[in-house]
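**Student:** Would you be able to build a 3D model of this:
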Amino acid sequence: MSTSDPRPRAAPMLLFVCSGNICRSPMAEAIAAHTARESGFDIRVASSGTMGLVDMPAEDTACQVIEELGLTLRRHRARQTTREHVREAALVVAATGSHRSWLRVHEPDAQHIVSFDELTGLGDVPDPYGRSLEEYRAVRDMLVAGMPRVLAELKARHAAGANDDQVRMNDSNAHVYRIAVGADHAGFLYKQKLAELLREWGHEVVDFGTYSTDPVDYPLIAFKVGEAVGSGEFERGVLVCGSSIGIAMAANKVRGARAAPVAEPYSAQLSREHNHANIICFAERLVGWEMIVECLRVWLQTEGEGGRHARRVAEIDEYDPDSKEHI
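**Tutor:** Residues are numbered from 1 along each chain as shown. Model prediction:
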């Protein structure tokens, strides 16, 4: 008796990613869906943006040049790229090498994220937003020319079972940190949830307050966490207030504390790579929970870069307001 699963495999998912998800990636989505239908290749296809302008329609000129092919983008609505989108796909095609790098921050071990140029040799897909009709047509024609190669790659991966072997990130993170957390009354609820999440991920967490939603002055909490991290007693810190601004400003008054207010994953990445931020600050009143979790995950997994970035961070750390040497 055969031990193979008799159920048909689901059609593979192809995901295109650009920045806003209002021109390049929706154009690619429409062209891929049409090309696959014409060749009899059963696929699912979608698009999203690293800075997705959520629920916005496709840009008018993009709609126009796609309609010249007898296709439509009029029902398209932009969406933000999430880890779930990336994980669901058998193949993720990034418009440019920069988009690919952004995606690999979220799934650093995933081998199914590639740039359009890597697959086709046609170069990065340029952003036509705000440019001429002819430039939109050039982007469209570039996508049409490269799509057979994209679909061939998807077909090969599907045949090899790549869709069944997607990399799943381990949210516990490889490095275990000693983390100081704190919040004022406006960030209390998220602080509680973040502390619990960090413990689930295996980190050692110490809560510096506040311990209720009763009003409290955020500088007092920020100073405590700033001193805990700035002194080296704790490796990282997490602060939450209503906007993330005031609590970050207060923490940065402490020598050795480098606090960064963050609202999306790329800033979380850069705050570590370029600025060696050792405290991340979140806005409970402005940023959704899932986005905060993603920012925290990226921030904890990202290391600070050396070279010019390390030199500039050292200049910040060594600044003495009473000295004239920096003038």
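**Student:** contacts, neighbours, all on C-alpha from now
**Tutor:** Noted.
**Student:** phi, psi of Ser132?
**Tutor:** Reported as degrees, to the nearest 10, the phi and psi values for Ser132 are phi -80, psi 160.
**Student:** neighbours of it, just the number please.
**Tutor:** When counting by other Cα atoms under 10 Å, one arrives at 11 neighbours for Ser132.
**Student:** contacting residues for it?
**Tutor:** For Ser132, the set of contacting residues under the criterion of Cα atoms under 8 Å, 6 or more residues apart in numbering is empty.
**Student:** For it, give its distance to Ile31.
**Tutor:** In this structure, Ser132 lies at 20 Å from Ile31, with Cα to Cα, to the nearest Å as the measure.
**Student:** go on, Arg311?
**Tutor:** For Arg311, the distance to Ile31 - Cα to Cα - is 47 Å.
**Student:** For those two, indicate the residue with more neighbours.
**Tutor:** A count of neighbours by other Cα under 10 Å puts Ile31 above the other of Arg311 and Ile31, at 22 against 11.
**Student:** Not counting its neighbours along the chain, what's nearest the more buried one?
**Tutor:** If you skip the residues right next to it in sequence, Ile31 has Val144 as its closest partner in space, 6.5 Å away by Cα to Cα, 6 or more residues apart in numbering.
**Student:** buried residues in stretch 104-118?
**Tutor:** Judged by neighbour count using 16 or more other Cα atoms under 10 Å, the buried positions of stretch 104-118 are 104-107, 110, 112-117.
**Student:** Asp184: which of those residues is nearest?
**Tutor:** His106 (29.5 Å; Cα to Cα).
**Student:** How about the contacts made by the closest one?
**Tutor:** Shown in contact with His106 (Cα under 8 Å, 6+ apart): 83, 298.
**Student:** Now it: phi and psi?
**Tutor:** The phi and psi values for His106, taken as degrees, to the nearest 10, are phi -80, psi -30.
**Student:** Let me know the pLDDT of it.
**Tutor:** Reading off the per-residue confidence, His106 sits at a pLDDT of 72.
**Student:** go on, the one 4 residues further on?
**Tutor:** Confidence at Ala110, expressed as pLDDT, is 77.
**Student:** State the distance from it to Ser212.
**Tutor:** Counting by Cα to Cα, the gap between Ala110 and Ser212 amounts to 41 Å.
**Student:** next one: His274
**Tutor:** 35 Å.
**Student:** what secondary structure does the residue lying closest to Leu296 once chain neighbours are set aside sit in?
**Tutor:** Excluding the flanking residues, the one nearest Leu296 by Cα to Cα, 6+ apart is Ala268, at 7.4 Å. Classification of Ala268 into helix, strand or coil gives helix, according to DSSP: H, G, I helix; E, B strand; the rest coil.
**Student:** Could you list the low-pLDDT ranges of this structure?
**Tutor:** Within the chain, the stretches with pLDDT under 70 are 1-9, 52, 109, 161-174, 323-327.
**Student:** what are the ranges of the helices in the stretch 201-327 of the chain?
**Tutor:** Using DSSP state H, counting those that start in this stretch, the helices of the stretch 201-327 of the chain run over 218-230, 245-251, 265-273, 289-301, 307-318.
**Student:** Ok, which of those comes nearest Val238?
**Tutor:** Val238 sits nearest to helix 218-230 of all these, at 8.0 Å, using Cα to Cα.
**Student:** and for the closest one, what are the contacting residues?
**Tutor:** Defining contact as Cα under 8 Å, 6+ apart, one finds that helix 218-230 is touched by 180-184, 208-210, 234-239, 241, 246-248, 250-258, 278-279.
**Student:** Which strand or helix spans Val45?
**Tutor:** Using DSSP states H and E, Val45 sits in strand 44-49.
**Student:** what helices or strands is that strand leaning on?
**Tutor:** Here strand 44-49 is seen to pack against strand 13-18, helix 24-39 when contacts are counted using 3 or more Cα pairs under 8 Å, 6 or more residues apart in numbering; DSSP states H and E.
**Student:** Compute the inter-axis angle for it and strand 13-18.
**Tutor:** Between the direction of strand 44-49 and that of strand 13-18, the angle (axes from the mean of the first three to the mean of the last three Cα atoms, to 10 degrees) works out to 20 degrees.
**Student:** distance of Asp141 from Ala62?
**Tutor:** Using Cα to Cα, one gets 12 Å for the distance from Asp141 to Ala62.
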